[in-house]
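Q: Quick one, structure for this:
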Amino acid sequence: MVAGDLLSRAQAGDGEAFRVLTEPHLRELQVHCYRMLGSLQDAEDALQDTLLAAWQGIGRFEGRASLRTWLYRIATNRCLNARRSASRRPAKEWDVPNVEPPEPTRLGEVVWLEPFPDALVDGATDAPLGPQARYEQTEAISLAFIAALQVLPPRQIAVLVLRDVLGFHAHEVADMLDSTVESVKSALKRARASLQRHQLTTADRQPPPARDSPAEVAIVAKFVRAWESADLDALVALLTDDVFMSMPPMPFEYEGRDVVARFCASLFRAGRRFDLTPTRANGQPAFGAYLRTPTGISHGVGLYVLGLTGDRICAMTRFEKSVLPWFGLPRSLPSP
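A: Got it, this is the predicted structure:
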């Protein structure tokens, strides 16, 4: 059935026609909400709010913009409302038994950050980009990029994502935000400057190896061997001088090889030994971490996501065990 017929049926209250119209855009809209909010759970809530608002408003859709652009308008404004009104998830206290971590380099702001499974990214980044897009889609889903976005004011996030990630024209963005082209251009200039300041330390890094390339496979294998055997020297040899480690929702952040090494040593000294199960998050190698026990069962304790540059690890992000099911990972597994 042609789109015009589907639209007419949807506007007449046909729920199945509405589903067929909107379904091709759901995955990319979910990624958009995630970029805006930094949280998979919040993104899912915003997506459901978007669909409800679209269903309630489809009768007023006049076709002056494409249906996709109209849906982005709704999703963006639902995310802005969420950023303005919601109390973000609070930071958590250190809760790793028998481990005394070193003093953190600093306490992070973006404690609500959550990982995004690659299984949800696949297909979403194939959506057509406008001519104004400045970022590769793989870069624009990376944890470092998502975290950097979160420190911007909400309106600046919206403008930068719509213009530089998705490539919408300035007049389209102005229409989505009920603003002016001049206001959009001003917000974009400020957002780019803020993002550039935040990313200065990574500007001269080598790009990460391609997904599943021999280079990526090699460094991932070295990391797994080092972590599972608690080989601190082998692990440290994989790290860049400025490696960055964070662990939302705990605010502890560590920057630099020496302090990250001390943190890892505190884990290993406590006798904690792990089995790692590979997965992928935000286009990056990731691992479910399972703590070995004398019972022969390894219990899931978290998810690690690696940031790579060349043949080294430049970032490690630890998330709580509650995210493991998002990646199809079990809560426990038999020890090998």
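Q: Leaving out sequence neighbours, find the closest residue to Val20.
A: Nearest residue to Val20, sequence neighbours excluded (Cβ to Cβ, 6 or more residues apart in numbering): Leu6, at 5.7 Å. (Glycine included, C-beta is placed from N, CA and C.)
Q: element containing the residue nearest to Pro209 when sequence neighbours are not counted?
A: With Cβ to Cβ, 6+ apart as the criterion, Pro209 has its nearest non-adjacent residue at 3.6 Å, and that residue is Ala215. Under the criterion of DSSP states H and E, Ala215 resides in helix 214-228.
Q: Show me what that helix is in contact with.
A: Around helix 214-228, the neighbours that count as contacts under Cβ atoms under 8 Å, 6 or more residues apart in numbering are 208-210, 231-232, 234-235, 238, 273-276, 278, 285, 287, 306, 308, 311-313.
Q: Return the alpha-carbon coordinates of that helix using PDB.
A: These are the backbone C-alpha positions of helix 214-228, laid out as PDB (Å, rounded to 0.1, in the frame of the first residue of the first chain):
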ATOM      1  CA  PRO A 214      42.900  -8.500  13.100                       C
ATOM      2  CA  ALA A 215      44.200  -5.400  15.000                       C
ATOM      3  CA  GLU A 216      41.000  -5.200  17.100                       C
ATOM      4  CA  VAL A 217      40.900  -9.000  17.700                       C
ATOM      5  CA  ALA A 218      44.500  -8.900  18.800                       C
ATOM      6  CA  ILE A 219      44.200  -6.200  21.400                       C
ATOM      7  CA  VAL A 220      40.900  -7.600  22.700                       C
ATOM      8  CA  ALA A 221      42.500 -11.000  23.200                       C
ATOM      9  CA  LYS A 222      45.500  -9.500  25.100                       C
ATOM     10  CA  PHE A 223      43.100  -7.600  27.400                       C
ATOM     11  CA  VAL A 224      41.000 -10.800  28.100                       C
ATOM     12  CA  ARG A 225      44.200 -12.800  28.900                       C
ATOM     13  CA  ALA A 226      45.500 -10.000  31.200                       C
ATOM     14  CA  TRP A 227      42.200  -9.400  33.000                       C
ATOM     15  CA  GLU A 228      41.300 -13.100  33.500                       C
END
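Q: which other residues reach the helix or strand bottoming out on mean pLDDT in the chain?
A: The helix or strand of the chain with the poorest confidence is helix 3-11; it has a mean of 87 (mean pLDDT, DSSP states H and E). For helix 3-11, contacts defined as Cβ under 8 Å, 6+ apart pick out Ala17, Phe18, Val20, Leu21, Ile58, Gly59, Phe61, Gly63, Leu67.
Q: which parts of that helix are buried?
A: Across helix 3-11, burial judged by 16 or more other Cβ atoms under 10 Å covers Leu6, Leu7, Arg9, Ala10.
Q: cool, and stretch 164-180?
A: Those would be 164-168, 170, 172-177, 179, for stretch 164-180 by 16+ other Cβ under 10 Å.
Q: For these, give me JSON lines that also has secondary structure.
A: Shown next, in JSON lines, are these (DSSP: H, G, I helix; E, B strand; the rest coil):
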{"residue": "Asp164", "secondary structure": "helix"}
{"residue": "Val165", "secondary structure": "helix"}
{"residue": "Leu166", "secondary structure": "coil"}
{"residue": "Gly167", "secondary structure": "coil"}
{"residue": "Phe168", "secondary structure": "coil"}
{"residue": "Ala170", "secondary structure": "helix"}
{"residue": "Glu172", "secondary structure": "helix"}
{"residue": "Val173", "secondary structure": "helix"}
{"residue": "Ala174", "secondary structure": "helix"}
{"residue": "Asp175", "secondary structure": "helix"}
{"residue": "Met176", "secondary structure": "helix"}
{"residue": "Leu177", "secondary structure": "coil"}
{"residue": "Ser179", "secondary structure": "coil"}
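Q: could those go into TSV alongside distance to Gln48 and pLDDT?
A: Supplementary listing: the buried residues of stretch 164-180 in TSV, determined by distance: Cβ to Cβ, whole Å; pLDDT from 0 to 100:
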residue	distance to Gln48	pLDDT
Asp164	27	94
Val165	22	94
Leu166	21	93
Gly167	26	93
Phe168	23	94
Ala170	29	95
Glu172	24	95
Val173	24	97
Ala174	27	97
Asp175	24	96
Met176	20	96
Leu177	22	96
Ser179	26	96
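Q: nearest to Glu139, of those residues?
A: Val165 (9.2 Å; Cβ to Cβ).
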